[in-house]
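1. what's the 3D shape of this:
(chains A, B, C and D)
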Amino acid sequence: MNLENSSQFPWLTLVTLLPLLGALLLTAVPRVHEGLLKGLALGWSLIVFVVSLPIYFKFDPSNAGYQLTELHEWIPAIGVQYALGVDGISLWLVMLSTFLTPIILLGSWTSIETRVKEFLICFLLLETAMLGALVSLDLFLFYIFWELMLIPMYLLIGVWGGTNRIAATIKFFLMTAVGSLLMLVAMFYIYQRRDGAPSFLLQDYLTLSLTLTEQLYLFGAFALAFAIKVPMVPFHTWLPRAHTEAPTAGSVVLAGVLLKMGTYGFVRFAMPLFPDATLVATPYIAGLATVGIVYGALLALAQSDVKKLVAYSSVSHLGFVMLGLAAMSTQGVTGAMLQMLNHGISTGALFLLVGCIYERRHTRQIADFGGITQVMPWFAVMFLIVTMSSIGLPGTNGFVGEFLVLSGTFLADGPWDLRWYVAVAATGVILGAFYMLWMFQRVMFGPLKNEKNKKLTDLNLREWVVLTPLIVLIFVMGIKPQFIIDRMEPSIEAFRKVATTSRLPADDAEGRARIAEIRQRKTNAAEAK
Amino acid sequence: MIGLTHYLVVSALLFGIGTLGVLVRRNALVVFMCIELMLNAVNMSFIAFSRFRGGMDGHVVAFFVMAVAAAEAAVGLALILHLFRTRQSLNVDEANLMRH
Amino acid sequence: MNIAFQIEDLWGILPAIVLCAFGGIAALAEVFADRSASRSFVAGLGGFGVLIALGVNCWQWAGIEGAFSVPLFGGALVMDAFSTFFNFAFLAAAGLALLLGAGYLRQHDADQGEYTSLVLFGATGMMLMAQSRDLIVFFIALELMSIAVYVLTAFVRKSRRGAESALKYFLIGSFASAILLYGAALLYGATGTTDATAMRPILDADPALKSSMLVQLGMLFLLVGLGFKVAMAPFHLWTPDVYEGAPSPVTAFMAAGVKAAGFAALIRIFTVTFGYDALEFGDSGNGWVGVLYGLAIVTMFAGNLGALPQTNIKRMLAYSSISHAGYLLIGLVASAFGDLSNASTIDQAVGPGSTIALYLLAYTFSTFLVFGGLSLLGKDGEEYTNLSDLAGLGFKRPFVGVAITLGLLSLAGIPPLGGFFAKFYLFREAMTLGRPELTILVLIAAVNSMIALYYYLRVIVFLYMKEPTREVPVFESRGVTVALALSLMATVALGVMPSRAVDMARRSMASLGSTEARAAARAPDSTQTADSIKAAAVKALDGAATRLRKAAPAPAAE
Amino acid sequence: MEAFLFYLFSTAAVLSALAVVLPPHPKARAPIHSAVAMVLCFFFVAALYAMLSAHLLAVLQVLVYAGAIMVLFTFVIMLLNLQQDNVDKPEPPGFFKMLGGLMALTTTWGLITKFTADEFLAPISAQLVEKLADPLHYGNLQDIGRLLFSKYLLPFELTSVLLLTAMIGAVIVAKRDPKTTWIPEAVKQLTYRERHGKRVEKGAP
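-> Here you go, the predicted structure:
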């Protein structure tokens, strides 16, 4: 893969910086014109989505490498470059981000009542940061956007959140920032170990050969940063608090895009940079992922707050993503990628639905509801569809992802045998169905006891507009996921190739022995059969 | 015969006594006097080194140190006066508007 | 006996002369100008002086584009890219302090003219500190700076805290000066000269002398004295009280300018004068790096852990300033692995050394962002700097809120701001040397950055997420707005487009050990050298006109 | 004779310096006692300067230090009318005070042991001279003046800026703000007496 500045129009820069421009534009509008501000932000985010469409259309599905690349010198003294590009993996996340942003803005049209201007500015800044992190191919550039994501999110939770927002937002910020600082030190380490002209370009490090010990430490530093973001058990403690305290918009963007940054980081950085360490760490990643699946599901089962339940279900769902990545088989990784998108859409939709009802009742306690179907039939239908998607019912997007992950992991031909993990993870699927349906039953069915619930109104036009695209996508991706997989596959193959090719230096006998021993397991197992 | 070492020891003693005063006394005026004492110790070593090296640069340095000490004295005493006006005490430890 | 004063040499300290002259003019103007009109007039005059000095400094920078230095006044001072680079930081600090001062002094009912002249005199002292090679000139410049800052600390006469902290600062500062001088005396005794650059060949020629107790004690006392000035642990105990009590514009001036000047002197004296081998680990050197290494760790922890429980922002920032001194020491330790005046190891030294310069520049602007915002809260000698006083400010005064927030985030090292890039660059340079000791140090610094995040974030919590509990007077000032806007631009620019600043910082470090300087140091008295000094000075100063930059050898950094 | 004078002056200087810091009697803890001890100390130090052939500096020491600076100190002490009970209440030394004292003592002890060690001056012993080559022209005004205005002209000029700064600073800080500041007791008494034309008993308002 040779990175160069493809001399066409800088679509990626445009898409990345457009939201920032919008944020600047908003600062000029007086805060009294709330409607204008909201309209402007919504319109602007729609424009960003429209502008991002050419990325999709210009994307060449047969090409595994980075496309629409841009490469410019930035800080030559230390080898930092402005390098952007998308491949089949990041393409979909970029599209997801630009797609979700207008939906979220419209979804929180009425729920944000104070400091609207600042909210919108924060949100657009967040979009820039997310897009930037997804398209940057330079470690320095990535780190900048990666950290930049924290600040608007910190403010979104801290300013517009619930009662315990401050503790939640500080915990969120500190945990994520702590992880990324270690990642920064690790970046310097590989930077220093590399010969030749100074460079922070990612692809310059995909051939770097490091001893196994070094790789393990560095992988640990990178993985910690990403695992906190995913979040993997036991680094997940910030997530439920952040979700419960965040406003609807914050929850949706957190679940929809921000969490994906963690898994994306594994795919883009941690695993390809340190293939041997990845191999050694596979059972641990898979183990934590499985624990996350079951533990998240069990905790979700015990929740009395709908939003907290959805938050724990996120932990569980992202466990599937990590399991698929750990398997490192084509199917598994494809499933993981799909699951990332699915989770973004279905959990985003769930949070939006929870937001709808919260706006009407100002409570999220399951016990406060019951019999909602009688007053809000359409809401119940929507909720059911999304619940089904979240459970992974065939025909919805959730099914495809979960199925591919489980089957891909089960049939993986890697050195590690992950079948037991799959068996345990499968119970997570069952638990998932259980807690979601149980919650649905408690909220939607039963007698309409609570007086306050009797006056609830069904979805209004705005909510229809917000939810319909998500519902459509749930079915489209569930029935015909091939158009997504087609564009992903070459990049996934390329990723697998890089992330499974050993790059130990010749003189690292110990490390080579360890890797060889692990690889030997497969042949041993085959012989035993 | 009195040599360089003798003067250096006297200088060290004066310097040490000055340091002691700065660290244990609390009256700002006395602390300031002790700092002057330390400057004198410095001057003494400059002059002693100068004498036994045969040059006169140390003398010039001592001259400058005196000038600086005078400048410090002007500002320092003004500050002490100012503080006393606002608080009527010169105890450095009693200067407690700020918590530690 | 040579007459070390040549008229040409004055060109080399022109920025300092300009500032000094305007300082005097401002003092006179305050006396003679009409009372009511004088305030803005004198402040404007001071600002004008800073602008002129800035222009002169730019002109000099263009002239000395090559990495060489011009000794002045028989080697007592020097003009090189290093001092010129630091001059930018000092001028920025002085200019911003003047801008902040205008409104602040009106609000607190204090005089304008003397403030202006003291700031300018203080900045003069800082510049000469960064330029001086003779310990005596250095000492007098240091005192010039210190006395100006002592007085500025007590400048608002209605403030009781100001009086208290000024006296504390004065006593500690004079104490430190005396210690520093004692070190100078011992070094003078060892070498017979007070010119730090002339000491180098003497010490190099006699290893026994270099490792003797006489020289070692001298260095120790110098280090301790400077340690007080830059608020290095364990000599930092005065910092919180002084930072809290001083008027906010002065605190910013102090935090940015005094620290930069102290570090400039540390670099010049400790690395170039004594040579890096004096700092090198192990048998070849005298273990001073080990001391600095330990001090860096202690300073970082003392600052960051001390800041955690603070409820007053200025105290918190004082501790944060201590911790930044710790980060800067990493640069000093790292640069000790090369030798600036040795062609074969200069590359190893230039990079880490330049991080200090860049870090200080970024730190200056970030500090002014925060203190500039804080200086708006208060009236009649009373400042409102408790955390709870900031509650709601972020929405009441959005621009000020954004400025403080970005300043804090920059100090915390969050991209894409100047503070982040400076820290990034520092870590990067330290790690690039590939020494395990430095890797550990960087890891410790990273841990410290994590601790620091907590207390920086807490301020932002109050800015945006809490409701005000009491009425806090917040005044409006165009000067502050301009200062904040300038600092904001500089902070963002240093974070997003640091390339040019990096080049400048590297060039400034490369100039420290350049050839001309060493030739002059070897034979300071010979007439031949005097001529070459003159020629070099004229050559360097003509630079802008004669397009010297094309003729001069390419800067070592590139 | 030289040795006798040296020991006399140095002992006296050190003792009077000690008297500045640690007054011999608890009643002598007022700053004015320290100031007197200080002046004494300066005189003895001046004598030591003279023994080092630093004639000009010996004179300056008396004129500038003992004469000007200490007079300034005394003046401030008088102006503030500091009573013994007002400052430095005798109290048991706290932890930090003891720590500080300990630090100072160890530093002094360390310095003296280092200085008196044989090898301390060994590296520069070759350059040391016991007898001055030209005692007449050593340490006098003329030669120092020549140095000042040639080699050290720049620091000399700088010193003038420093003094100017100090002057401006002192004026600024000491300037009285009539509304808020405190008026010394002595001044109040003066006005009272002037107003009433009679002697005021000690302790009267």
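2. Report the buried residues of the helix or strand where residue A:71 lies.
-> Using DSSP states H and E, residue A:71 sits in strand A:67-75. Residues A:67, A:68, A:69, A:70, A:71, A:74, A:75 are the ones in strand A:67-75 that count as buried (16 or more other Cβ atoms under 10 Å in any protein chain shown). For the C-beta atoms, the positions are set from N, CA and C on the backbone; glycine is no exception.
3. Assess the claim that the last one and residue C:499 are in contact.
-> Read that as residue A:75. Yes: between residue A:75 and residue C:499 there is a contact at 4.6 Å, judged by Cβ atoms under 8 Å.
4. Can you spell out the domain ranges of chain A, please?
-> A:1-255, A:274-529 (automatic domain parsing).
5. Out of the buried residues of strand A:67-75, which comes closest to chain C?
-> residue A:75 (4.6 Å; Cβ to the nearest Cβ).
6. who does that closest one bridge with?
-> Residue A:75 forms beta bridges with residue A:80, as assigned by DSSP bridges.
7. check contacts around it.
-> For residue A:75, the contacting residues are A:140, C:498, C:499, C:502, by Cβ atoms under 8 Å, 6 or more residues apart in numbering or on different chains.
8. Does the first one touch residue A:201 like I think?
-> No: using Cβ under 8 Å as the test, residue A:140 is too far from residue A:201 to be in contact (9.4 Å).
9. ok, the two, which is more surrounded?
-> residue A:140 (25 against 18; other Cβ atoms under 10 Å in any protein chain shown).
10. Which positions in the helix-or-strand element of chain A with minimal mean pLDDT come out as buried?
-> Of all the helices and strands that make up chain A, helix A:509-528 has the lowest average by mean pLDDT, DSSP states H and E, namely a mean of 83. By 16+ other Cβ under 10 Å, the buried positions in helix A:509-528 come out as A:511, A:512, A:514, A:515, A:518.
11. Turn the residues you listed into TSV, columns for distance to residue C:136.
-> Converted to TSV, the buried residues of helix A:509-528 look like this (distance: Cβ to Cβ, whole Å):
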residue	distance to residue C:136
A:511	59
A:512	63
A:514	64
A:515	65
A:518	68
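12. From the residues you listed, pick the one nearest chain C.
-> Nearest member of those to chain C, counting by Cβ to the nearest Cβ, is residue A:511, at 19.1 Å.
13. Helix or strand for residue A:281, just tell me which one.
-> Going by DSSP H and E, residue A:281 is in helix A:275-301.
14. Check the gap between the residue of chain C found nearest chain D and residue C:250 for me.
-> Closest to chain D within chain C is residue C:151: 3.3 Å, counting by Cβ to the nearest Cβ. Residue C:151 is 9 Å from residue C:250, where distance means Cβ to Cβ, to the nearest Å.
15. Of those two, which one has the most company?
-> residue C:250 (33 against 29).
16. isn't that one right up against residue C:150?
-> No: counting by Cβ under 8 Å, residue C:250 does not reach residue C:150; the two are 10.1 Å apart.
17. which bits of the stretch 301-450 of chain C sit near chain B?
-> C:312, C:315 (Cβ under 8 Å from any Cβ of the partner chain).
18. mind listing the helices for the stretch 301-450 of chain C?
-> C:313-335, C:346-374, C:393-396, C:398-412, C:418-432, C:436-465 (DSSP state H, counting those that start in this stretch).
19. just the CA coordinates of the helix or strand following the last one, formatted as PDB?
-> Going back to what we said before, that points to helix C:436-465. Downstream of helix C:436-465, the first helix or strand assigned by DSSP H and E is helix C:478-496. Output of helix C:478-496 as PDB, limited to C-alpha atoms (Å, rounded to 0.1, in the frame of the first residue of the first chain):
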ATOM      1  CA  ARG C 478     -11.100  45.800  26.000                       C
ATOM      2  CA  GLY C 479      -7.500  45.300  26.900                       C
ATOM      3  CA  VAL C 480      -8.300  41.900  28.400                       C
ATOM      4  CA  THR C 481     -10.300  40.900  25.500                       C
ATOM      5  CA  VAL C 482      -7.500  41.800  23.100                       C
ATOM      6  CA  ALA C 483      -5.000  39.900  25.300                       C
ATOM      7  CA  LEU C 484      -7.200  36.900  25.500                       C
ATOM      8  CA  ALA C 485      -7.800  36.900  21.700                       C
ATOM      9  CA  LEU C 486      -4.100  37.200  21.000                       C
ATOM     10  CA  SER C 487      -3.200  34.400  23.500                       C
ATOM     11  CA  LEU C 488      -6.000  32.300  22.100                       C
ATOM     12  CA  MET C 489      -4.700  32.600  18.600                       C
ATOM     13  CA  ALA C 490      -1.100  31.900  19.700                       C
ATOM     14  CA  THR C 491      -2.200  28.900  21.700                       C
ATOM     15  CA  VAL C 492      -4.200  27.400  18.800                       C
ATOM     16  CA  ALA C 493      -1.500  28.300  16.300                       C
ATOM     17  CA  LEU C 494       1.200  26.600  18.400                       C
ATOM     18  CA  GLY C 495      -1.000  23.500  18.500                       C
ATOM     19  CA  VAL C 496      -2.100  23.300  14.900                       C
END
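20. Sweet, I'm off.
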